[in-house]
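K.L.:
here are the coordinates; sequence isn't available:
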């Protein structure tokens, strides 16, 4: 058997890959036209986060009531799995013409956690990715967003590097070329982000191996800001699966279920692409309460191939499962279920 990345339950299952180095800090090729960014903020919970980006970096954020390049808002988007969302709504090549940064108020937040999520999503609208540096850009992925809710020196340095000589549409380091086909324009802060295989198992109501059999468009998510205007209209899909093996929960072999999927082929979420019909997946699921399921986070989905598991994320413990045997991983999940049942 291929024991790559899974040797004993006490390694990845219990400890995870907490010691991983920081990842790349740029979100693809996305960048604002220059350091002068018009920002519309309709919520007090984001005020300190916006102030931090303005006061601590070389960015000049001017407050506007229309014609914004970044729109910051709160809205109840329902049980989507994400608590914060950065969306690029208009662009030219790699240059962001308009982006939004949302806190999903369907979920409960402390004051500091809300500030941290806003900090992270606003950072995405400037072209930053997640980074394991102790600041808000790594919150939820490597540490708690409620205690790491502001920017740190590495974020300041990265913004400085990106925008020091940035002139709209003319910077040699960031030429105006289009992003790769299907480049993600949504970057989410997932409410439940497991840091180990054991956490993923505990967060899940069901763990299954299943084959995608059909996909249809779902109702879009309408994000209505607290100010009253509709800011985003986010597409969704409904993916039907047939269970090939049940590892946790009561979904039986041969049974079908429907998965709620954020985005679609043309509007892709970063680290959560569309499923391939006819392909098998190992899925860590939660019941949405409306007859559908959703994966706990991108760390909860793996394509099953002859060469082993293929995760969709490039960081966290999930990346370490690339190439791991399905049998080995499901065996560790089964052990985790038994440990949970003993508690």
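P.N.:
Nice, thanks for sending it over. Quick caveat: nothing in here was measured; it's all calculated off a predicted structure.
K.L.:
what number of residues lie near residue 341?
P.N.:
As a burial measure, residue 341 scores 7 neighbours (other CB atoms under 10 Å). C-betas here are computed from N, CA, C, even on glycine.
K.L.:
helix, strand or coil for it?
P.N.:
Secondary structure for residue 341, judged by DSSP: H, G, I helix; E, B strand; the rest coil, is helix.
K.L.:
Could you check how far it is from residue 202?
P.N.:
11 Å (CB to CB, to the nearest Å).
K.L.:
Between the two, which contacts overlap?
P.N.:
In terms of CB atoms under 8 Å, 6 or more residues apart in numbering, residue 341 and residue 202 are not both contacted by any residue.
K.L.:
Enumerate the beta-bridge partners assigned to the residue sitting nearest the centre point of the chain.
P.N.:
Of all residues in the chain, the one closest to the mean position by CA atoms, centre = their mean is residue 188, 3.5 Å from it. Using DSSP bridges, the beta-bridge partners of residue 188 come out as residue 85.
K.L.:
can you give me the strands in the stretch 151-300 of the chain?
P.N.:
Ranges of strands in the stretch 151-300 of the chain, per DSSP state E, counting those that start in this stretch, are 186-190, 206-224, 230-248, 256-262, 280-287, 293-295.
K.L.:
List just the one of the ones you listed that sits closest to residue 84.
P.N.:
strand 186-190 (3.5 Å; CB to CB).
K.L.:
and that closest one, average pLDDT?
P.N.:
Summarised as a single mean, pLDDT over strand 186-190 is 96.
K.L.:
and if you look at stretch 67-82?
P.N.:
96.
K.L.:
Buried residues, that stretch. List them.
P.N.:
Using 16 or more other CB atoms under 10 Å as the test for burial, stretch 67-82 gives 68-75, 77, 79-82.
K.L.:
Span of that stretch from start to end?
P.N.:
27 Å (CA to CA, to the nearest Å).
K.L.:
Over to stretch 198-207?
P.N.:
With CA to CA, one end of stretch 198-207 sits 12 Å from the other.
K.L.:
Could you pull out the buried residues of the host helix or strand of residue 328?
P.N.:
Using DSSP states H and E, residue 328 sits within helix 326-342. Within helix 326-342, the residues scored as buried using 16+ other CB under 10 Å are 326, 328-330, 332-333, 335-337.
K.L.:
Please apply the same query to stretch 28-43.
P.N.:
28-35, 37-43.
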